[in-house]
Each structure stands twice: as C-alpha cells, then as structure tokens.
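A.B. asks: Based on what follows, work out the 3D shape:
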Amino acid sequence: MTTIQATGRRKNASAQVIVTAGNGKITVNGKTVDEFFGGALRQKKSLLQPLALLPSAKKYDIEIKTTGGGITGQSGAAKMAIARAILKIEPTTKTALKKESLLTRDDRMVERKKPGRPKARKRFQFSKR
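C.D. replies: The predicted model follows:
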C-alpha cells in the first residue's frame, strides 16, 4: 500500500483524506486533532468513529484537508472520507461501515432565506394595530 485518497462532504464542507503506512498519526489541516477541534469533543469522537471499525488503524497515518463550512460539517466530511478510505484498504469492512451509516452522504443543507422574512422560516412579529 502506498497512498490511498478519499473525499467526503457534509453541509458546505468537504474533506480530502490521504492514508499512508505509518504509526497512527492523524493531522487535520497540518494540526493535530486536539489542536484543530479544541474542546469540541463531539466532533473529535465523530471523526474517529470509522477508525474503531478497522482493527489495524494504528498502522496508518491519516492526513486530512478540510475546507468550507464549520467544525461540525468539516468533522462529518472527514468522517465520511476516512470511511471511504477504510473501504479501499479493507473491503471486508463494508457491511460494518454501512451498518453504522458511515458511507451514506448526509444531504441535509441549510434552507435558503425567503424574501420578506428575517430567516428561512422565521417571521417578523405580527402587530394587530
């Protein structure tokens, strides 16, 4: 195995993952996972979820490049990209990845703002007089 690349998307974020043989080091945009996500424990846990299904996860270095969106979207995009990379490394994990719905693209997007309203669905306060 030389290098494996995969892409994931969520909301307006996208992530490219490069997996190489190594000792389990994970970097996100040149920083460690703790530096990049800070105190966002949910995002860290979400990012590492697909690696729990790969028994030999400590044998690979993972480099993640994320763009667009916020930290939740970026962690979701990275999670999907890691799952797709794991599928290329170990095709036998497909059923486990599908069961955890890690290969399914979450297509929910932000609803657009409508004219005459302050937000997509919110309305201005009604005044009778």
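A.B. asks: how about the longest helix seen in the chain: buried residues?
C.D. replies: Counting residues, the longest helix found in the chain (DSSP state H) is helix 71-89. Judged by neighbour count using 16 or more other C-beta atoms under 10 Å, the buried positions of helix 71-89 are 71, 73-87, 89. C-beta coordinates here come from the backbone N, C-alpha and C atoms, glycine included.
A.B. asks: secondary structure element for residue 65?
C.D. replies: Using DSSP states H and E, residue 65 sits in strand 60-67.
A.B. asks: Can you list the low-confidence ranges for this structure?
C.D. replies: 1 (pLDDT under 70).
A.B. asks: can you give me the strands for it?
C.D. replies: 3-10, 13-21, 26-28, 31-32, 60-67 (DSSP state E).
A.B. asks: export the ones you listed to JSON lines and tack on mean neighbour count and distance to residue 51?
C.D. replies: Compiled in JSON lines, the strands of the chain are given as follows (neighbours: other C-beta atoms under 10 Å; distance: least, C-beta to C-beta, whole Å):
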{"stretch": "strand 3-10", "mean neighbour count": "18", "distance to residue 51": "13"}
{"stretch": "strand 13-21", "mean neighbour count": "19", "distance to residue 51": "11"}
{"stretch": "strand 26-28", "mean neighbour count": "20", "distance to residue 51": "8"}
{"stretch": "strand 31-32", "mean neighbour count": "11", "distance to residue 51": "15"}
{"stretch": "strand 60-67", "mean neighbour count": "20", "distance to residue 51": "8"}
